[in-house]
Structure formats: C-alpha cells, structure tokens
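my questions concern the predicted model and sequence given below.
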Amino acid sequence: MKVTKDLVAASATPMVLGILAEADSYGYAILRRINELSDGELDWTEGLLYPLLHRLERLGFVEASWQSVAGRRRKYYRITKSGRTELTEQRRQWDTVVDALKELWSGPGDSRPLIAIPEGGLA
Amino acid sequence: MTDAQDELEAQFAQWRHYVARRPELRNSDADELEDHLRGSVEELLAAGLHTDEAFLVAVKRMGSLDDLTREFAQEHSERLWKQLVLTGGTGDTDGKAVDGRSRPDLLAMVGCALGAAVSIKLLELLGTRVESDGAEVLGVDAAVFGLNFGLVVLPWLAAFLLWRRQAKRALIGAVLALFALGAVAANAFPLAADSQSVVLTSIHLPIALWFVIGLSYVADDLRTPRRRMDFIRFTGEWFVYYVLIALGGGVLTAFVAGTFQAIGISPEDFISRWLVPCGAAAAVVVAGWLVEAKQSVVENIAPVLTRLFTPLFTAALLAFLVAVVITTASIDLERDTLILFNLLLVVVLALLLYSISARDPLAPPGLFDKLQLALVVSALAIDVLVLVAITSRITEYGTTPNKAAALGENVALLANLAWSAWLLVGLVRRTTPFATLERWQTNYLPVFAGWAWIVVLVFPPLFDYL
C-alpha cells in the first residue's frame, strides 16, 4: 500500500517542518527520516522535497546555511520562529481532520453507523 | 578501489554536466542535489553494492531530470525570466556560484562608461568657444562636436571589448592607430563649419570607427566568417539596447526637469550640459556590456523585429513601385531624397542580415526566404530608378561631395543586394546552400568599412574641402 500523491503533497509541509522542529537537517537526511517514520509507505521524491524546502525558505519558515561536510557543500535547514508558528497552525488543522476521521471510522462502541442509519431511518 | 573511486567521480562530473545545462537549476541547486546523490550512493555502497551499481540506483531513485526540473521551475519560475541582472550575490547563497566573470566585467564596464562620460565633457571643455562679446558660452561648437564625438566615445567601447578579449598587443596597436587616423581626418583638414565635407565626415567617421569596434570585437579570431556574423549580431543587439536605454533616459530627464521645476529650480542647464551628453556617451559602453553579458541568455531581439517588419517593408516597397508605374512619376532628387533612398537600402540590408544571423543554416528554404527575395528584388528595382536619376544629374550639373558619397554608397549597397538576390534565388531553388549567402555578407563587411574610410580620408582633399 502506497499513500496517494495528493495526500503526500498535502502533508508535505507539516512533515518537513515537524522534522526540522526535532533538529536541523539537510535534504537527504530529511528523506531518510520520512522513510523511517512511515516504514517506506510515503513516496517522497527529490522533485517534491527540494522545491518545497526552497519555498519554505522563501516564505521565511526555514533558514538555510551551507556547511562543508566531508569535502562537499551541504545545505542545512533550520526552522524559524514563524516556521514554528506555521507548524502549530498546521498541526491544529491536521488534528481536526484526523480526529474527525477517527471518530467517523471507529464509531461509539460496536454499533455500526453506516448500517444503522438505513435501519432506523423510517422508524 | 581508487579506480572505482575515480570512475564514480567521473560519473558525478558527467551528471553535473547534465544538470548544468538546465537553466532552472542553479549551481547551488546542483550542489544540493549532488550532496543528496552522494548520500544515496554512500548508503548503497555500505549495503554492499558496487560503485557503478550504486550510482545507477541512486540516479534512478532521483527520477528523471525532466521531472525534477519541472518541479523546480514551478517554484522558481522567475529564473526563466530575469537571468540578466547586475549580479554580485542577490542575497542568495549563489554569490560565488554566479558566473565568475561578471564582477570584473561590471567594474571594467563602469570604468569605461565613466571614461566615455568624462571624455565627452573634456571635448566640450577643449572645444568651447567663448563668443566675442563674452556673454554667451554656447558649449561646444557644433561642427567640432559632430566631428569628434565618435572619436572620444567609441575608444572606450573598444577598450572594454579588447580588455574582455585579452587582445594581443599588435591588435591593440592597430586599433589605436585607426582611432588616431580618424582623429587626424577629423581635425587636421581645414574644413569650414558650413561645408558639405564637415557633414559628410561627421556621418561617416562614426561608421568607419564602428568597424574599428568590429575589429576589437573579433579580436581573437580575425578571419572566420562566424565571428564577423557575431559582430553583426552584436551591432543589432547593441542598437536595440541603446534605444531602450535612451527611452529610459528620456523618462529620467522628464522627471528631473518636472520635479525641479516644481520647486522653482530650472535644471535645463544641468540636463543639456551634463545629463544628456554624459548619459548618451556612457550608454554606448553600457549597451555594449549588456550585449556581451547576456548573449545566449535572452532571445535576440533584432531577428524578432526582422520577422515582424520584413513582410511590412516588402508590402510598402511593392506599393511604392506600383505607384511609380501607374503615375509614371520620376523621383525628385533633392539631397534629402538621396539620403532617404540610401537609408531604405540600409534598412533592407539590415532586414536581410538579421534574418540571416538568426536562420538555422541547415533549415530548408521556406516561405520567409521567398518573402525576403521579394523584398530584395523590389528594393533593387527602386534603387535602379534612383541610380538612373542621380547619374543623369551628376552628368548634367557636375558632382559634389554629397552626391559622390551618396552614389558610392548606393553602388556598394546595390552590388551587395544584387548578389544577395541571386544567392537567394539559388537558395529558394535549392541549388545554393545557405552558408554561401552568409559568407557573402560577412565577406562584404570590409567594403562598407573601406568606403566609410575613403569618404573620411580621401573626399575632403579630393573636393578641395568643399
């Protein structure tokens, strides 16, 4: 099972901001971390990650700095204050969505709402 | 092990080469992606793959470069637009990654532009004539200015180009000598301020000197036709940029005049004696630098204009021919008309040159080539009418420098266009390759240069400084 592209795209910003909130990181490590978190179910590409990082940089949610690692240049990203504010807001929205879906699917007790509706409908 | 390592580095270098060709991806993006690729390769190597396998898998995982650049282009659409900026690190970490040449180029350009502006003021200083009553200082004498403005401004553009090409000493010497020769022609001859020769030299000396600019432009490779074609392209783009800068300068001037007048200060003197002459002189160098700096970055404008105007000019010329035939009118040969018809030929030649400069040499002949043939042929027909009129006038009333110069130019243009028409016929009938036409035009350039120099150097003594 792979998560659909639309869902990956929708969750991309909070995912990256959340990872950067843990610690500063760079592109390859961020992809690794996403893989790790989702057991490889989230299909991220470089074409999604790097333009997203650049957009977040442009919006001021992350800052970038170049560091020399093992003889090559590596671009590290750090979440900013406004990035954290954005993350909180996104988190609030995602919690709302997730809570609503959970409520819908788990349902109260063992009554099965999808079937219960037509049964009691015309009572 | 080191062999494998070398091979891997070679593969990375090749990959960088592919990435570098994408305008959407900057150097810093390539660095970032390369770091990613190397991280991926290292992990695969650690998992036990061979170097070439690891590289292949890592590249494959990254996906196609097309997809990647498309994603980058969506985020960075501005990169496809403003590629020509006065760089020097636009706040981006790209500072050092931007073309390493741009900064010294910029400094040299600013230096040469300042030099041109100062020179034009010096010319004014040296050439200023105080009127006998002492009341009126008119600035530089119009005749002196007309004769010398090219001489003081164009060397700075030549200097910029020679510096950029790191020209050899012999060439620098030759360019200097030609400018000196022009200076002698402009100032050593006893030309009266109201003589025809003053006007002729004022017109022809800048043209002659522009070919010296051409010499500086092709500095590294004097003989190849391709470099000469580059110079033709340079000339067209330079002209377009100069006009654009002039338009911007006009707006600036209007605002300076308007705002200062609003607070009761009249800036007229500043505008006419400083802003306009210094700006016009400096813009000569700036336009040259812009063309050099952008070259392949932005689509060339001159060929686009050519495409737009070739059909329109063809229609206008044909309409004129039809009108001549119907009314059987003869062309009234005033001095202005002569210049007008010469300019018409120049425009037709320019239309031809700039479509040649942009044409794919291997493309088969198309509708546009036929259109061009029609343009050239109708221009030739008109020119024959003009030539007949001018020759009969010269035999009737004798010649003047003006008429002789106009006639010479007319013949030079006619010869060029006639042979071009012949080659175009061959091109349309697929018997002549396009390269022949291109070579004909580039080889012909020295003829124009030669004639301009003859008018400047030989005409004044030949016509007794009339």
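Structure's in. What do you need? Numbering: from 1, shown residues only, chains lettered A, B, ... in the order given.

please make it C-alpha for all contacts and neighbour counts, starting now.
Fine.

near chain A, which residues of chain B show up?
Of all the residues in chain B, those in contact range of chain A (Cα under 8 Å from any Cα of the partner chain) are B:31-32, B:35-36, B:39-40, B:62-63, B:67-69, B:71-72, B:75.

where does B:Leu424 fall, secondary structure wise?
In the assignment (DSSP states H and E), B:Leu424 maps to helix B:401-428.

now that helix: mean pLDDT?
Averaged over helix B:401-428, pLDDT sits at 87.

what does whatever helix or strand comes next after it rub up against?
Following helix B:401-428 in sequence order, the next helix or strand is helix B:434-457 (DSSP H and E). With Cα atoms under 8 Å, 6 or more residues apart in numbering or on different chains as the contact definition, helix B:434-457 has outside contacts at B:182, B:185-186, B:200-201, B:204-205, B:207-208, B:211, B:225, B:228-229, B:353, B:356, B:361-362, B:405, B:408-409, B:412, B:416, B:420, B:423-424, B:427.

residues of helix B:434-457 that come out buried?
B:434, B:437-438, B:441-442, B:445, B:448-449, B:451-457 (16 or more other Cα atoms under 10 Å in any protein chain shown).

low-confidence ranges, the chain, go.
Here I'm looking at chain A. By pLDDT under 70, the low-scoring segments of chain A are A:1, A:107-123.

the intended chain is chain B.
For chain B, counting by pLDDT under 70, the residues that fall below are B:1, B:77-101, B:127-141, B:295-299, B:331-336.

per-domain residue ranges of it.
According to the domain assignment given by automatic domain parsing, chain B is divided into the following structural domains: B:3-76, B:102-293, B:300-462.

out of those, flag the one nearest A:Thr85.
Across the domains of chain B, the minimum distance to A:Thr85, taken as Cα to Cα, is reached by domain B:3-76, at 22.5 Å.

circling back: okay, the domains of chain B in CSV with distance to A:Glu57 next?
Shown next, in CSV, are the domains of chain B (distance: least, Cα to Cα, whole Å):
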stretch, distance to A:Glu57
domain B:3-76, 11
domain B:102-293, 26
domain B:300-462, 34
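
need the residues of chain B next to chain A in a markdown table with neighbour count, can you?
Formatted as a markdown table, the residues of chain B next to chain A follow (neighbours: other Cα atoms under 10 Å in any protein chain shown):
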| residue | neighbour count |
| --- | --- |
| B:Asp31 | 18 |
| B:Glu32 | 22 |
| B:Asp35 | 20 |
| B:His36 | 22 |
| B:Gly39 | 16 |
| B:Ser40 | 22 |
| B:Met62 | 17 |
| B:Gly63 | 13 |
| B:Asp67 | 14 |
| B:Leu68 | 19 |
| B:Thr69 | 19 |
| B:Glu71 | 20 |
| B:Phe72 | 24 |
| B:Glu75 | 18 |
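
tell me the one of these nearest B:Ser330?
When the residues of chain B next to chain A are compared for distance to B:Ser330, the smallest value, 62.9 Å, is given by B:Thr69; criterion: Cα to Cα.

are any of the contacts of helix B:434-457 buried, and which?
The neighbour count (16+ other Cα under 10 Å) marks B:182, B:185-186, B:200-201, B:204-205, B:207-208, B:211, B:225, B:228-229, B:353, B:356, B:405, B:409, B:416, B:420, B:423-424, B:427 as buried among the contacts of helix B:434-457.

who's in contact with the closest residue to B:Thr314 other than its chain neighbours?
Counting by Cα to Cα, 6 or more residues apart in numbering or on different chains, B:Leu375 is the residue found nearest to B:Thr314 once chain neighbours are left out, at 4.7 Å. When contacts are counted by Cα under 8 Å, 6+ apart, B:Leu375 touches B:310-311, B:313-314, B:317, B:348.

what's the local residue count around the residue in chain A that chain B sits nearest to?
Relative to chain B, the nearest point of chain A is A:Gly47 (4.7 Å; Cα to the nearest Cα). The number of residues packed near A:Gly47 is 19, by other Cα atoms under 10 Å in any protein chain shown.

swap in B:Cys112?
Around B:Cys112 there are 24 other residues, counting by other Cα under 10 Å.
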